[in-house]
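K.L.:
3D, please:
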Amino acid sequence: MSSNSQLLILGNGFDLQCGLKSSFNDFMKTRLEKVQEISKVLKVSKHLTYIDITRPDGILRKGNLLSYWLWKKGLTVWDFILYEDRQQRTWYDIEDCIRTWVDYHLAPDNASYKNHILQICLDYGKSDQNKDSNSAFPVKAEQYVLMYACDLYRWDGQPGTLLDILLRELRRYEQAFANYLQEQIEENSDYLIRATSLLTNLVNDQTSVPAFNANISAKQYKGDSASVNILDFNYTYPIIEDWGNKPTCLNVHGLANKRNIIFGIDGTKLSTDHEYYANIVKFTKTYRLMALSSHSHRSLVRPYLSYSPGGVTDMIKFFGHSLGDADYSYFQAIFDEVDLYESNTRLIFYYNKHRLNDEEETRQREKSVQEEMFEKVNRLIVTYGQTQNNKDHGKNLLHKLLLEGRLTIKQAPMGRHKK
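P.N.:
Residues are numbered from 1 along each chain as shown. Here you go, the predicted structure:
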């Protein structure tokens with residue numbers, strides 16, 4: 001008897017629960033430490049010492065500019081953009097932050113919306129590019145971008161080339177985050193053990209026959225690879241090498257150990273009429289994923305076919321994912337593939353009352369994790385329903401799922417792992 005076919009979707013909450021310090025909050029602490037090192041030097045002396053750097057164009061330069069020192073430390077403009085953004089929203093949201101900066105015609109009617117790109121272009125005409133810029137740290141992220149663009153990239157003051165600079169800096173930031181994650185994995189010897197235990201609990205939940213059998217103490221791992229697929233939004237590979245008959249696990253945004261991770265925005269609402277569309281589209285996940293699609297993989301879901309409705313994926317499970325807008329396109333494609341309205345596919349959303357290493361715990365939590373998940377699921381299903389050609393189907397999709405018992409929101413089966 002085979003187990004139920006399922007797709008397990010993992011977000012950063014999975015790695016956090018496995019003891020990995022994989023949040024942007026943890027990563028940014030290490031970045032800010034680098035800034036503090038330079039800040040201490042400036043407190044002792046008004047001028048930084050001269051250092052040698054290699055500019056992005058490969059040309060060697062010697063100087064004491066603040067931008068040279070920040071570059072030498074491996075810091076990027078996105079470090080300062082994200083830090084400033086966090087002061088406004090109290091947590092790091094890299095996708096939304098990128099979107100706000102690069103899709104700068106996104107919300108012209110929003111009084112709180114600031115056009116960063118055009119402001120920097122205006123400041124370019126006012127700036128003295130030859131002045132000594134190492135006397136103090138800039139106050140605003142825009143000033144850091146202008147400083148990097150002029151001192152390091154020899155920017156020409158145009159919006160299109162500034163967007164290209166931001167993309168190059170984003171790639172540097174991605175490499176820094178990949179290096180950080182790989183260090184965390186190497187320092188956390190229990191990660192794969194915890195990941196194996198949690199994967200087993202999640203996969204075997206709500207199934208008629210267990211799909212995974214993991215005996216951690218005996219180092220014996222078996223799985224039904226035909227029935228389980230994993231879509232992992234993390235940059236880490238959660239399956240231990242000793243696993244026999246491994247399930248398919250797709251790290252859709254790349255892997256830290258391969259140094260090919262990507263951050264990006266959802267391009268669904270990006271207008272092709274935008275003057276700098278050719279520059280902005282390069283920040284979308286869809287565009288950037290093309291670089292990762294050189295290796296084929298089998299489909300992660302079994303499609304709904306009217307002549308064989310029983311062949312569709314039985315369950316789609318979500319754990320540790322914020323269900324945010326940045327990844328909505330993936331969920332829409334998956335729901336379309338299984339024909340969520342017509343099929344019998346079940347959706348199971350897990351929340352976790354006992355989170356580890358979660359930066360959200362440092363915020364004042366006004367809602368329970370259960371209530372937060374209810375709201376996120378409601379928004380996801382309602383938003384998806386609005387894309388349906390049959391508007392009546394779209395409006396009652398959530399109601400239909402509930403009536404048919406195809407929507408479950410529950411505490412995750414955490415269990416305990418034994419070493």
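
K.L.:
residues in contact with stretch 392-401?
P.N.:
Outside stretch 392-401, the residues within contact range by C-beta atoms under 8 Å, 6 or more residues apart in numbering are 340-341, 347, 378, 381-382, 384-388, 406-407. Using the backbone N, CA and C atoms, a C-beta is placed for each residue, glycine as well.

K.L.:
switch to 10 Å and redo it
P.N.:
With C-beta atoms under 10 Å, 6 or more residues apart in numbering as the contact definition, stretch 392-401 has outside contacts at 335, 340-342, 345-347, 377-378, 380-388, 390, 403, 406-408.

K.L.:
In it, which residues are buried?
P.N.:
Neighbour-count burial for stretch 392-401 flags 394, 397-398, 400-401 (criterion: 16 or more other C-beta atoms under 10 Å).

K.L.:
for the residues you listed, which one is nearest residue 323?
P.N.:
For these, the closest approach to residue 323 (C-beta to C-beta) belongs to residue 398, at 14.0 Å.

K.L.:
out of everything not next to it in sequence, what's closest to the residue nearest the centre of the chain?
P.N.:
For the chain, the residue whose C-alpha lies nearest the mean C-alpha position (C-alpha atoms, centre = their mean) is residue 263; its distance is 5.9 Å. Nearest in space to residue 263, with sequence neighbours left out and distances taken as C-beta to C-beta, 6 or more residues apart in numbering, is residue 94 at 5.3 Å.

K.L.:
The one you found contacts residue 253, correct?
P.N.:
No. Using C-beta atoms under 10 Å, residue 94 is not in contact with residue 253; the gap is 11.5 Å.

K.L.:
any common contacting residues for these two?
P.N.:
If you check residue 94 and residue 253 against C-beta under 10 Å, 6+ apart, the residues they both contact are 263-264.

K.L.:
Past the helix-or-strand element of the chain with minimal mean pLDDT, which element shows up next along the chain?
P.N.:
Ranked by mean pLDDT, DSSP states H and E, the helix or strand of the chain with the weakest confidence is strand 220-223, at a mean of 76. Sequence-wise, the next helix or strand downstream of strand 220-223 (DSSP states H and E) is strand 228-232.

K.L.:
Could you give the separation of the following helix or strand past that following strand from the chain centroid?
P.N.:
Beyond strand 228-232 in the direction of the C-terminus, DSSP H and E gives the next helix or strand as strand 248-251. The chain centroid and the centroid of strand 248-251 are separated by 16 Å, computed with C-alpha atoms, centre = their mean, to the nearest Å.

K.L.:
List the contacts of strand 248-251.
P.N.:
7-8, 10, 199, 225-226, 228-239, 243, 258, 260-261, 292, 297-300.

K.L.:
and the host helix or strand of residue 377, what does it pack onto?
P.N.:
Taking DSSP H and E as the criterion, residue 377 maps to helix 369-385. Other helices and strands packing on helix 369-385, by 3 or more C-beta pairs under 10 Å, 6 or more residues apart in numbering; DSSP states H and E, are strand 315-319, helix 328-337, strand 346-351, helix 391-403, strand 407-411.

K.L.:
List the buried residues of stretch 44-62.
P.N.:
By 16+ other C-beta under 10 Å, the buried positions in stretch 44-62 come out as 48, 53.

K.L.:
Quickly list the domain ranges of the protein.
P.N.:
Listed by automatic domain parsing, the domain ranges of the chain are 6-20+190-411, 24-184.

K.L.:
Tell me, how many residues neighbour residue 160?
P.N.:
For residue 160, the neighbour count with other C-beta atoms under 10 Å is 14.

K.L.:
what sits against it?
P.N.:
Contact analysis of residue 160 by C-beta under 10 Å, 6+ apart lists 117, 275-276, 278-280.

K.L.:
and the residues you listed, which are buried?
P.N.:
Taking 16+ other C-beta under 10 Å as the criterion, what is buried in the contacts of residue 160 is 117, 276, 279-280.

K.L.:
hang on, the earlier thing: per-residue confidence averaged over the helix holding residue 377?
P.N.:
When the per-residue pLDDT values of helix 369-385 are averaged, the result is 94.

K.L.:
Now do it: distance to the chain's middle.
P.N.:
In terms of C-alpha atoms, centre = their mean, the centre of helix 369-385 is set 19 Å apart from its chain centre.

K.L.:
Buried residues, it. List them.
P.N.:
Of the residues in helix 369-385, those buried under the neighbour-count criterion (16+ other C-beta under 10 Å) are 369, 373, 376-377, 380-381, 384-385.

K.L.:
Many thanks, we can stop here.
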